[in-house]
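In: need a 3D model of the following:
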Amino acid sequence: MRRAVLSTKTIWRLASGIGLFLAALPATAQKEAAEYPSRVVTLVNPFAPGASTDIVARIVAQKLSELWGRQMVVENRPGASGSIGLTAVARSPADGHMLGMIIVSHAANAALQGARTSLDLMRDFSHVAQLSSQPYVIVVNPSLPVRSIRDLVALAKARPGAITYGSSGVGSSLHLTAELLAFKAGVRMTHVPYKGAALATADVAGGHIAMLITTRMSVQPFVATGRVRALAVTTAERIPGVDLPTVRESGLTGPFEVHSWLGVGGAAGTPVTIVDKINQDINRVLKLPDVRERFAAAASTVTGGSPEEFQAYLKSEFAKFGKLVREAGIKASSGG
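Out: I've put the predicted structure just below:
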């Protein structure tokens, strides 16, 4: 069999062509970032309108629209503890024109569902930036005869399964945080899942469910008007300016700390230059005084940071909720 032999001249031509191609890659990447966004950007909020995720998404979208001179629209796609909306993001073209809100509930649900979920938070997304962190607040309907966590636990022990609590869906962080409370207190409560925290908040205020653990940002208007009663915050220490005890102070022994956090991601494979541009612009927005004031007014802390920092934090949260699911024996089909 005759072996093909390339001449020295042909080899040099091939090498030159490859060199030109490789040299052009950085320029192409820079051009992509410079031209981004080239059309309307959709920011998917995988939960119903009105809750803290929606509030933060709209603040950021408004500011990025102003910065870019291109509109960023918030699109609500609730369902399946936020999986429906994020699946749409994961399947979208990897060009940064469809982004999604990745939140603490996604890490919680992934830990609960395990191999049963087709969505992989680490594999299926380009992680752009973390936006904020804030405490959860435990609230009850004012008709419930409790004014502290100690009272709530006593009532739950006297009436096993009678106290109902809402969440933004099975496997959401609100669900798992309430299950953690029940596990630590040694009580049984009944879970009522909703398609979003806003719907659950309305129902605890209306007396259709007894209790809810949710963000201060979304529930504060109801607390201020007396439609719900706040019992405690889920942080390890008290929050400055918030006159509420921690869960541990309220009579529950052992450590108890859960935070809500929000971030932004795009489809896996989004060019690094575009991810970096969005990250840099988000960090610029988060430094604006009026944005920081609006976040602080709801006891929400601006975080920001690099894509790598957000990815590392996401991994740590997944591990934390995985440990909770194993220790408390929480099942994906859990109704309470």
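In: alpha carbons of the one helix or strand Gln134 maps to, as PDB, please.
Out: Assessed by DSSP states H and E, Gln134 sits inside strand 125-140. Provided in PDB are the C-alpha atoms of strand 125-140 (Å, rounded to 0.1, in the frame of the first residue of the first chain):
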ATOM      1  CA  PHE A 125     -25.700  25.600  32.800                       C
ATOM      2  CA  SER A 126     -23.100  28.300  32.400                       C
ATOM      3  CA  HIS A 127     -23.000  29.900  35.900                       C
ATOM      4  CA  VAL A 128     -23.000  33.700  35.500                       C
ATOM      5  CA  ALA A 129     -23.300  35.400  38.900                       C
ATOM      6  CA  GLN A 130     -24.900  35.200  42.300                       C
ATOM      7  CA  LEU A 131     -27.100  38.200  43.000                       C
ATOM      8  CA  SER A 132     -28.200  38.200  46.600                       C
ATOM      9  CA  SER A 133     -28.700  36.300  49.900                       C
ATOM     10  CA  GLN A 134     -31.300  36.800  52.500                       C
ATOM     11  CA  PRO A 135     -32.800  35.100  55.600                       C
ATOM     12  CA  TYR A 136     -36.000  33.200  55.600                       C
ATOM     13  CA  VAL A 137     -38.800  34.200  58.100                       C
ATOM     14  CA  ILE A 138     -41.100  31.700  59.700                       C
ATOM     15  CA  VAL A 139     -44.700  33.200  59.700                       C
ATOM     16  CA  VAL A 140     -48.100  31.900  60.800                       C
END
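In: surely Val247 meets Tyr136?
Out: No - with contacts counted by C-beta atoms under 8 Å, Val247 stays clear of Tyr136, the gap being 9.6 Å. The way it works is simple: take the backbone N, C-alpha and C, and place the C-beta from them, glycine included.
In: which residues touch the helix or strand just after the strand holding Gln134?
Out: Under the assignment DSSP H and E, the closest C-terminal helix or strand after strand 125-140 is helix 149-158. Under the contact criterion C-beta atoms under 8 Å, 6 or more residues apart in numbering, helix 149-158 has outside partners 138, 140, 144-146, 162-163, 181-182, 185-189, 211, 231-232, 245, 247, 250-252.
In: helices or strands up against the next helix or strand after helix 149-158?
Out: Taking DSSP H and E as the definition, the helix or strand that follows helix 149-158 towards the C-terminus is strand 164-167. Secondary-structure packing of strand 164-167 (3 or more C-beta pairs under 8 Å, 6 or more residues apart in numbering; DSSP states H and E): helix 173-185, strand 190-193, helix 197-205, strand 211-215.
In: and Gly265, what helix or strand is that in?
Out: When elements are defined using DSSP H and E, Gly265 is found to belong to strand 259-267.
In: beta-bridge partners for Ser167, please?
Out: In this structure, Ser167 has the following beta-bridge partners (DSSP bridges): Pro193.
In: and the strands in this structure?
Out: 41-45, 72-76, 98-103, 125-140, 164-167, 190-193, 211-215, 229-233, 259-267, 301-302 (DSSP state E).
In: just name the most buried of those.
Out: Neighbour counts (mean count of other C-beta atoms under 10 Å) averaged over each of the strands of the chain peak at strand 211-215, with a mean of 28.
In: the inter-axis angle of it versus helix 149-158?
Out: For strand 211-215 against helix 149-158, the angle between stretch directions is 140 degrees (axes from the mean of the first three to the mean of the last three C-alpha atoms, to 10 degrees).
In: ok, residues contacting strand 211-215?
Out: 51-52, 134-141, 144, 152, 163-167, 174, 177-178, 181, 189, 197, 200-201, 204, 219, 228, 234, 260, 298, 300.
In: who wins for proximity to Gln280 among the strands of the chain?
Out: When the strands of the chain are compared for distance to Gln280 using C-beta to C-beta, the nearest one is strand 125-140, at 9.1 Å.
In: mean confidence score for the closest one?
Out: When pLDDT is averaged along strand 125-140, the result is 95.
In: sheet partners, orientation included, of that strand?
Out: Each strand that strand 125-140 pairs with, and the sense of that pairing, follows from DSSP bridges: strand 211-215 (antiparallel), strand 229-233 (antiparallel), strand 259-267 (antiparallel), strand 301-302 (antiparallel).
In: which of those strands sits closest to Asp95?
Out: With C-beta to C-beta, the closest approach to Asp95 among those belongs to strand 259-267: 8.1 Å.
In: in space, what's closest to Arg123 - neighbours in sequence excluded?
Out: Ala268 (6.5 Å; C-beta to C-beta, 6 or more residues apart in numbering).
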